[in-house]
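>>> Generate coordinates for the sequence data below:
(3 chains)
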Amino acid sequence: MKRIIFTLSLIFTNTLTLWAQDKIEVFPTVPYDRFIIFHTLAIFWIAIIGLIIIIRMKLKEIERIQKMGIDKEEKDIPLLD
Amino acid sequence: MNCQRLKNWFEERYDFEELKRLTKHKLVPTHQYEIWYYTGGITLFLFGLQFITGMVLAFYYIPYFEHAHKSIIEIVTKLNMGWFFRSLHHWGAQLAIVVLFIHVWSTLLLKSYRKPREFLWFSGFILLGISIFFGLSGYLLLWDERAFAAVRVATGGAGNLPIIGNFIKAFLRGGIDVTGDTLTRFYAFHVSILPLITLFLIGVHILLVQYHGMSVPLSLEKKPQKQIPFFPNLFYKDLIIWLIVLGIVVTLSTLLPPEIGQKADPLAPTPENIKPEWYFLFLFQTLKLFPGEIMGLNGEMIAIILISCGILFFFLIPLFDRKSSRGEKSFLFTWIGIIYFVYFVVMTVIGFLS
Amino acid sequence: MKINYSLITRRTFLNTLFGGWLLTFCGGSFYALLKFAFPTLGKEPDFVVLNTKDYIDIPSNSTKPFPWGGVMGLFFKKDSGTMVALKGVCTHMECNITYKPEDKKFYCACHQGWFDEDGKNIAGPPPKPLEFFDVKVEGEKFIVAKKGIKVELPKA
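Below you'll find the model as predicted:
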């Protein structure tokens, strides 16, 4: 199964190059710019993974609370104004 | 952050009790198939991304056939991160359609369309058609050789429908052939008409989900359901998955920015080996299967009629599948769903390789 | 020194961490979006180079417009024959001005502002005089520069 997927993806990426008509350079070719772009991509992934970790922490916390059964608000609780 | 005073300001004017009750009490079933529940949300997220990137791209794109191609090249070469946002829009579209197909087939195979959720299926199907049209209209806006030829084939194919075909073809093309008028028309569709209809239908679709709740697969329906609250548990899980999807889209856009071919020339001969976008390939390939003439009738017309029947059946599946409406397992329709899926994949792959 | 109690609750800690990180993330993404959505706001040029022959032969007491960045500039040949260049934009609300040869004054039609030959605001709402440029002849080219700017031509 894995081999099939692998060969399929290989064929896929190779056929993409068939459509390389007269190329208009899109991705910045200057090495300095390329470095910045990869750099930014890495920082972006770190930010996303950080966010995911924090959200997981919040999720674990709320699940812990719910398991203890203390997450429900009592009805008609007097407000502290 | 204590927004108590702000909250009080609102609560003195509006009664949020009902809304708060609904959000706190919304429950979602959890079981072994729950991963498929996320596909709808991912599609929604990707469409939101498309809206945002599309809006900023519209600041710079010129929808006049003489300048369209050049404006895209300007966006991609001259503007700050222009290439990135165009790439984001491109990959967002590709992924949105992939996830949309996953969503459609997961609901089909899990039979979420059965009673009482028929309208979810119907509205969803119309949304599917609209999304494909989004893809087609957006693709023409490139106004390069490949897009031009692809749209010519697509609108020409629609023209093969009996009786109404010519009307549809003329309506889509804005004339006899694909011209600058077609570009203007497709731009109007892509930027104004389709987004408004989509927003309305997505609203209906989501409201219906709130009304009916999440559908549970037939095999698990009879058993007692474990449920988890939507807020905040599933909301957090949704957020995590959306963030991962965002990461994937951004990575793809950065590493594989799309290219643009030569400017389209209506009078030039069609270049070799023109193919439509991948989600049209299965239709394209199906058309190729039919000979030019069958028993004296136009082969293409027969092909289109058969394809339309297939699509119509797909649309009306909730009405045909009586067994699942009654809550019984319906193996026939599971197989029909699998056949549709396999046909789509096989035809797409063949279309790709040929 | 270990303390027996926690300085902040779990909830506050998590919420602040989440909020802060989310804010930075959204802020960064939004910044990227804005950088794209806002075009590189045009700066006025420090100087422009024009062909002499296009402007040298205009009749006395008349003006000829030239492009100054995205804005209109005016070449002005006075009665005496001296050529000066000014920014043809009213100092009130930036409408384009015109020269009235009969009155020897510059007129702005938007709010009926008047400037004299030397650009001084004489009537109407304009608060400041018109901005004049330095004109230098360099072979076949005029170099029109902002006052006080030292022009360094790139070695072509």
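>>> only C-alpha atoms for contact and neighbour calcs from this point on.
Will do.
>>> Flag every residue of chain B that's near chain A.
B:76-77, B:83, B:232-233, B:236-237, B:240, B:243-244, B:247, B:251, B:254, B:257-262, B:353 (C-alpha under 8 Å from any C-alpha of the partner chain).
>>> got the buried residues for stretch C:138-148?
C:142, C:143, C:144, C:145, C:146 (16 or more other C-alpha atoms under 10 Å in any protein chain shown).
>>> isn't there a strand covering residue C:107?
Yes. Assigned with DSSP: H, G, I helix; E, B strand; the rest coil, residue C:107 falls within a strand.
>>> Filter the residues of chain B next to chain A down to the buried ones, ChimeraX style.
Applying 16+ other C-alpha under 10 Å to the residues of chain B next to chain A leaves a buried subset, and the ChimeraX line that selects it is:
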select /B:76,77,83,232,233,236,237,240,243,244,247,251,254,257,258,259,260,261
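>>> Out of the residues of chain B next to chain A, name the ones that lie in helices.
When DSSP state H is applied, these are split such that B:76, B:77, B:83, B:236, B:237, B:240, B:243, B:244, B:247, B:251, B:254, B:353 fall in helices.
>>> what's the most distant pair in those residues?
Among these, the pair separated by the greatest distance (C-alpha to C-alpha) is B:236 and B:353, at 40.9 Å.
>>> what secondary structure does residue C:5 sit in?
Quick answer, by three-state DSSP: residue C:5 is coil.
>>> near chain C, which of the residues of chain B next to chain A show up?
Among those, chain C is touched by none when using C-alpha under 8 Å from any C-alpha.
>>> Identify the residue nearest the spatially most central residue of chain C in space, chain neighbours excluded?
Closest to where the C-alpha atoms of chain C average out (C-alpha atoms, centre = their mean) is residue C:44, at 4.1 Å. With C-alpha to C-alpha, 6 or more residues apart in numbering or on different chains as the criterion, residue C:44 has its nearest non-adjacent residue at 5.7 Å, and that residue is residue C:69.
>>> where does residue C:66 fall, helix, sheet strand or coil?
Secondary structure assignment for residue C:66 (three-state DSSP): strand.
>>> Three-state assignment for residue B:41, please.
What three-state DSSP gives for residue B:41 is helix.
>>> got a list of what it touches?
residue B:238 (C-alpha atoms under 8 Å, 6 or more residues apart in numbering or on different chains).
>>> Could you check how far it is from chain A?
Distance, residue B:41 to chain A, using C-alpha to the nearest C-alpha, to the nearest Å: 17 Å.
>>> same deal with residue B:221?
For residue B:221, the distance to chain A - C-alpha to the nearest C-alpha - is 25 Å.
>>> middle-most residue in chain B, spatially?
Chain B, centroid-nearest residue using C-alpha atoms, centre = their mean: residue B:131 at 3.4 Å.
>>> List, one by one, the residues from chain C near chain A.
Within reach of chain A by C-alpha under 8 Å from any C-alpha, chain C has these residues: C:14, C:17, C:18, C:21, C:22, C:25.
>>> Return the residues in contact with residue C:45.
Residues near residue C:45 by C-alpha under 8 Å, 6+ apart: C:68, C:69.
>>> can you give me phi and psi for it?
phi -70, psi 160 (degrees, to the nearest 10).
>>> and if you look at the one 4 residues further on?
The main-chain torsion angles of residue C:49 are listed as degrees, to the nearest 10 and equal phi -110, psi 130.
>>> and the helix or strand of chain C with the lowest mean pLDDT, what other elements does it pack with?
Sorting the helices and strands of chain C by mean pLDDT, DSSP states H and E puts helix C:52-55 at the bottom, at a mean of 80. Here helix C:52-55 touches no other helix or strand, going by 3 or more C-alpha pairs under 8 Å, 6 or more residues apart in numbering or on different chains; DSSP states H and E.
>>> All good on my end, thank you.
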